[in-house]
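Peer 1: With the input below, show me the fold.
(chains A and B)
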Amino acid sequence: MWFYNLIVRDLKLAFYSSTNFLFAASFLILILILLPFIIDPKVNQFIQIYTGFIWLSIALSILLTIDRVFESDYEDGNLDAIILTQKPLELIVCSKFISHWIANCIPIIVVIPISAILFGININEIINIILNVLAGSTGMVFIGSAVSSLTLGNKRSGIYKSIIVIPLYIPFIIFGANQESVLVLIGLSMFAFIFSLFTTTYSLRLYVE
Amino acid sequence: MFYKLPNTLIDTLRNWLPVFYSTTLVTFSIGLYYAIYNSPPDYIQGDSMRIMYVHVPAAWLSLGSYSILAISCIAWFVFRNPIFNLFAKSIAPIGAVFTIIALVTGSIWGKPTWGTWWAWDARLTSMLILFFLYIAYMMTWQVIVNKELAAKISAALGTIGFINIPIIKFSVDWWNTLHQPATISKLSAPSIHISMLTPLMLMTIAYLFLLITLFLIRYKTELVEVKISRIKH
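Peer 2: Here you go, the predicted structure:
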């Protein structure tokens, strides 16, 4: 029950500060607005460029929002309070992952079909892209949260984080931008889940003790 | 922290370093003599093949020093002795420079051979990523001010990078391949002639001594730094 309550609390926080909830989706649309200026949508193989742009903007929006997973709670001391409840730290971290994924990736997935209509992508390809994003974005959120937990409370670690995170995103981008590889993405996400769970609990124990 | 460091190590290193300097010089002179004058040119590539004698050892040792870095990070997790952090910290910049040497000489070699400076295949991409892993590892010590914390975080980061390299290699391989397969992967019957293998091995030994010498210099510096910070406290 406390697990569910923790998720609801984080989602409420994300919802009431309205910038959080809308950030990822509006970022995706703004990046896609730039796309027709770069390349004509009627060109052959446009679908590849479109999927590439989707993945690029997902990677960037996750990179820009991963600070919020632990940072704000760490600053006002809530993270210490949550950890002091003596609940398993792994489960607390899991709930953080889930709430961050819901707050940032669900809006993206909602927005993708709308943008696909604007660019005249057909329905099968939209379904393919959405399945890939569902499978891949989870792993990307896990990795991003793990890396952001490495530098808790550090104001000047923006570039540092992106240097670590972008190499870790390469497999997701490769398999995500090529369709018909949902199973590989699910595998990668599960692998990422295990590793980011260990890394995050390790560094949270270092910072909050 | 740093309570188990032997005190006499700095003096021992100071006495032995000149030996390593001279060995590096001698092995490099012999290796370069063989590589430039005493080996045949390739019958397809001509003299541009000689870049291999600079390129291949640097590539091997850049991977090798990342393995040493990762193994010392893992060893820190096992033994919790800060000496392993200093190992990893001292070898990181050397490995980064070797990676740059491998990348630059590789692209100079690629221009006459493949007709292009760069190809986005698995090996080249993973070498480039390796360089950024080194950068990320070195930045950890800069970004995190608390040295004790930086040691712990960087150990985790070195391990993550070690796991990441094969995954990237696999996924880029799946995506595209252009590079020739490895020539000296099997030690029993190498597909390279003995007259070219000799200078290559000599240059590898020379690079190895260069790596060891630079590593010992940096390691000594780290030990002195620890000593100074101990005196300050």
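Peer 1: And the residue of chain B closest to chain A?
Peer 2: With Cβ to the nearest Cβ as the measure, residue B:171 is the residue of chain B nearest to chain A, at 4.2 Å. Just so you know, the C-beta spots here come from the backbone N, C-alpha and C atoms, and that holds for glycine as well.
Peer 1: Can you name the residues that contact that residue?
Peer 2: A:170-171, A:174-175 (Cβ atoms under 8 Å, 6 or more residues apart in numbering or on different chains).
Peer 1: contacts with chain B among those, please.
Peer 2: When contact is defined as Cβ under 8 Å from any Cβ of the partner chain, the contacts of residue B:171 meet chain B at A:170-171, A:174-175.
Peer 1: most residues in a single helix of the chain, which one?
Peer 2: All of this is about chain A. Taking DSSP state H as the criterion, chain A has its longest helix at helix A:89-118.
Peer 1: think we crossed wires, I meant chain B
Peer 2: helix B:194-232.
Peer 1: The strand or helix carrying residue A:80 packs against which elements?
Peer 2: Per DSSP states H and E: residue A:80 is located in helix A:78-84. Contacts defined by 3 or more Cβ pairs under 8 Å, 6 or more residues apart in numbering or on different chains; DSSP states H and E place helix A:78-84 against helix A:67-75, helix A:89-118.
Peer 1: Any idea which of those has the lowest pLDDT on average?
Peer 2: Between these, the one with the least mean pLDDT is helix A:67-75; it has a mean of 85.
Peer 1: about what we covered before: next, the angle from the host helix or strand of the residue of chain B closest to chain A to helix B:194-232.
Peer 2: Secondary structure from DSSP H and E places residue B:171 in helix B:147-175. If you take axes from the mean of the first three to the mean of the last three Cα atoms, to 10 degrees, helix B:147-175 sits at 150 degrees to helix B:194-232.
Peer 1: So in chain B, where's the weakest helix or strand by average pLDDT?
Peer 2: helix B:147-175 (a mean of 85; mean pLDDT, DSSP states H and E).
Peer 1: Spatially central residue in chain B, please.
Peer 2: Centroid-nearest residue in chain B, with Cα atoms, centre = their mean: residue B:62, separated by 2.6 Å.
Peer 1: Tell me if I'm right that that one and residue B:92 touch.
Peer 2: No: assessed by Cβ atoms under 8 Å, residue B:62 is found out of contact with residue B:92, at 11.2 Å.
Peer 1: which stretches of the chain have low pLDDT?
Peer 2: As the question left the chain open, I've gone with chain A. The model of chain A has pLDDT under 70 over residues A:18-20, A:179-180.
Peer 1: ah, I was thinking of chain B
Peer 2: Judged by pLDDT under 70, the stretches of chain B that qualify are B:1-6, B:43, B:176-191.
Peer 1: Flag every residue of it that's near chain A.
Peer 2: Contact residues (Cβ under 8 Å from any Cβ) of chain B with chain A: B:125, B:129, B:132-133, B:135-136, B:139-140, B:143-144, B:149, B:152-153, B:156-157, B:160-161, B:163-164, B:167-168, B:170-172, B:174-175.
Peer 1: following the helix or strand hosting residue B:57, which helix or strand comes up?
Peer 2: Using DSSP H and E, residue B:57 maps to helix B:52-79. Heading C-terminal from helix B:52-79, the first helix or strand you meet, by DSSP H and E, is helix B:83-114.
Peer 1: just checking, what packs against that next one?
Peer 2: On a contact count with 3+ Cβ pairs under 8 Å, 6+ apart, helix B:83-114 meets helix B:52-79, helix B:122-143, helix B:147-175, helix B:194-232.
Peer 1: what angle separates it from helix B:122-143?
Peer 2: Using the same axes, to 10 degrees, helix B:83-114 lies at 140 degrees relative to helix B:122-143.
Peer 1: Any idea how far helix B:83-114 is from the middle of the chain?
Peer 2: For helix B:83-114, the separation from the chain centroid amounts to 6 Å (computed by Cα atoms, centre = their mean, to the nearest Å).
Peer 1: List the buried residues of that helix.
Peer 2: B:83-99, B:101-103, B:105-107, B:109-110 (16 or more other Cβ atoms under 10 Å in any protein chain shown).
Peer 1: Stretch A:153-172 now?
Peer 2: Result for stretch A:153-172 [16+ other Cβ under 10 Å]: buried residues A:157, A:160-172.
Peer 1: Which residues outside stretch A:6-21 are in contact with it?
Peer 2: With contacts defined as Cβ under 8 Å, 6+ apart, stretch A:6-21 is touched by A:65, A:68, A:82, A:92, A:95-96, A:98-100, A:102-103, A:107.
Peer 1: could you dump it to PDB, C-alpha only?
Peer 2: Extracted in PDB, the C-alpha atoms of stretch A:6-21 (Å, rounded to 0.1, in the frame of the first residue of the first chain):
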ATOM      1  CA  LEU A   6       4.400   6.900  -2.800                       C
ATOM      2  CA  ILE A   7       3.700   6.700  -6.500                       C
ATOM      3  CA  VAL A   8       0.500   8.700  -6.100                       C
ATOM      4  CA  ARG A   9       2.400  11.300  -4.100                       C
ATOM      5  CA  ASP A  10       5.000  11.800  -6.700                       C
ATOM      6  CA  LEU A  11       2.500  12.000  -9.500                       C
ATOM      7  CA  LYS A  12       0.500  14.600  -7.600                       C
ATOM      8  CA  LEU A  13       3.600  16.600  -7.100                       C
ATOM      9  CA  ALA A  14       4.300  16.400 -10.800                       C
ATOM     10  CA  PHE A  15       0.800  17.300 -11.700                       C
ATOM     11  CA  TYR A  16       0.400  20.300  -9.500                       C
ATOM     12  CA  SER A  17       3.600  21.900 -10.700                       C
ATOM     13  CA  SER A  18       2.100  21.800 -14.200                       C
ATOM     14  CA  THR A  19       5.400  22.500 -16.000                       C
ATOM     15  CA  ASN A  20       6.500  19.000 -15.100                       C
ATOM     16  CA  PHE A  21       3.700  17.100 -16.600                       C
END
